[in-house]
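**Student:** need a 3D model of the following:
(4 chains)
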2 protein chains.
Amino acid sequence: MAIDHLDGRMLVLLAKEPRIGVLEMSRRLGVARGTVQARLDRLQSNGVIRGFGPQVDPAALGYPVTAFATLQIRQGQGADVRAHLTTVPEVLELHTTTGSGDMLCRLVARSNADLQRVIDRVVGFDGIVRASTAIVMENPVPLRIIPLVEQASTER
Amino acid sequence: MAIDHLDGRMLVLLAKEPRIGVLEMSRRLGVARGTVQARLDRLQSNGVIRGFGPQVDPAALGYPVTAFATLQIRQGQGADVRAHLTTVPEVLELHTTTGSGDMLCRLVARSNADLQRVIDRVVGFDGIVRASTAIVMENPVPLRIIPLVEQASTER
DNA sequence: CTGTCGACTGAACAATATGTACGGCTGGAG
DNA sequence: CTCCAGCCGTACATATTGTTCAGTCGACAG
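**Tutor:** Prediction:
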């Protein structure tokens, strides 16, 4: 669960050049191949590395509009709402947050007009009392983890 | 920019078993290796596949608390605020949204108490007028893209 | 001080995957 | 009808992987 400096360097290297192999990585880091292999296995079984899935850009798929919707849920309908939202492909992410039955979800749509359709589908469900939506204009900091990794592997 | 059914199957397969090789993938999909290779190259230069970076779990790194903060920015201070937030490792993501100078950011922290420190650091900056924070309790739908990929590759 | 333990190294091996190239086939566009 | 992009099957040299092993090192308990 705690990661050291070598772990950190491995993660940074993997983030920069994901298609790199274990052998090449060991050369860059100046350690033996077995070490890198063992560390990688450990990081994965630790859960620190959840996987290496492809990072797909919704915009390139034809969904250039992103929005965040805050949903107010009727008491006791949480489970149903979750099940409902899971079936909507445009719902990329869903969180339950503090506050009275609130959820926050990330949506994508083909256009601003299409966003209306998506929102209608999202809120067209009985347990949802109210929804307020904020459309994303810019994304100055795309989802990142490296700065955190560096902090976690250095401050030790 | 448009992806067909084979592209979709490749992405699904990659998401399920990311460490799979081009050869094994071609076997599973029943197509020639060269085809898979060419398609993968195309998807990457298209920008559909942004990369294969490791998906690191902040919780496993010692940051189990996630929160979303809505920031109200003073007119004209947007750029400064962005630069400021970029320097905070616990800020994993930042969006500017519709509304008067609003930003939405995703934060992580070591604990609820630590979240206070993070928020102080985030809002301890001149251009930020007000901040409201929602702590994430559950994450019923973790960031996903496969359903969207399937929709995009089928509806054609 | 000494023994044990976990982690790292360097090496080796067979098995497998990669990069790259070729000719041939086919369906759709012009 | 012809051209062409895209796919297939094949081939080859090279590189990487999975796996194992013995040896070294530092931390730590007795």
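**Student:** any residue of stretch A:112-119 touching chain B?
**Tutor:** No - legend: contact between stretch A:112-119 and chain B by C-beta under 8 Å from any C-beta of the partner chain is lacking; minimum distance shown is 10.2 Å. No exception for glycine: its C-beta is placed from N, CA and C like everyone else's.
**Student:** what sits up against that stretch?
**Tutor:** Counting contacts by C-beta atoms under 8 Å, 6 or more residues apart in numbering or on different chains, the residues outside stretch A:112-119 that touch it are A:Val65, A:Ala67, A:Ala69, A:Val88, A:Glu90, A:Leu107, A:Val108, A:Ala109, A:Ala131, A:Thr133, A:Ile135.
**Student:** between those residues, which is nearest A:Thr154?
**Tutor:** Ranking these by separation from A:Thr154, with C-beta to C-beta as the measure, puts A:Val108 on top at 35.1 Å.
**Student:** what mean pLDDT does the lengthiest helix in chain A have?
**Tutor:** The helix of greatest length in chain A, counted in residues with DSSP state H as the criterion, is given as helix A:33-46. The pLDDT scores in helix A:33-46 average 95.
**Student:** near chain B, from the contacts of stretch A:112-119?
**Tutor:** Filtered for proximity to chain B (C-beta under 8 Å from any C-beta), the contacts of stretch A:112-119 shrink to A:Glu90, A:Val108, A:Ile135.
**Student:** turn the residues you listed into TSV, including distance to A:Gln75 and pLDDT.
**Tutor:** Formatted as TSV, the entries for these read as follows, by distance: C-beta to C-beta, whole Å; pLDDT from 0 to 100:
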residue	distance to A:Gln75	pLDDT
A:Glu90	26	98
A:Val108	29	98
A:Ile135	29	97
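**Student:** and the longest helix of chain A, what's buried?
**Tutor:** Judged by neighbour count (16 or more other C-beta atoms under 10 Å in any protein chain shown), helix A:33-46 contains these buried residues: A:Val36, A:Arg39, A:Leu40, A:Leu43.
**Student:** and that helix with chain B, contact?
**Tutor:** Yes - using C-beta under 8 Å from any C-beta, a contact is recorded between helix A:33-46 and chain B, made by A:Asn46.
**Student:** likewise stretch A:142-156?
**Tutor:** Yes - when contact is scored as C-beta under 8 Å from any C-beta, part of stretch A:142-156 falls within range of chain B: A:Pro142, A:Leu143, A:Arg144, A:Ile145, A:Pro147, A:Leu148, A:Val149, A:Glu150, A:Gln151, A:Ala152.
**Student:** in chain A, what residue is nearest DNA strand D?
**Tutor:** DNA strand D sits closest to A:Gly21 of chain A, with a gap of 2.6 Å, by C-beta to the nearest atom of the strand.
**Student:** that older thread, just the buried members of the ones next to chain B among the contacts of stretch A:112-119?
**Tutor:** If we count by 16+ other C-beta under 10 Å, these have these buried: A:Glu90, A:Val108, A:Ile135.
**Student:** show me which of these is closest to chain B.
**Tutor:** Distances from chain B to those, taken as C-beta to the nearest C-beta, are shortest for A:Ile135 (4.6 Å).
**Student:** quick check: that closest one touching B:Thr96?
**Tutor:** No - the criterion here is C-beta atoms under 8 Å, and A:Ile135 misses it with B:Thr96 at 10.0 Å.
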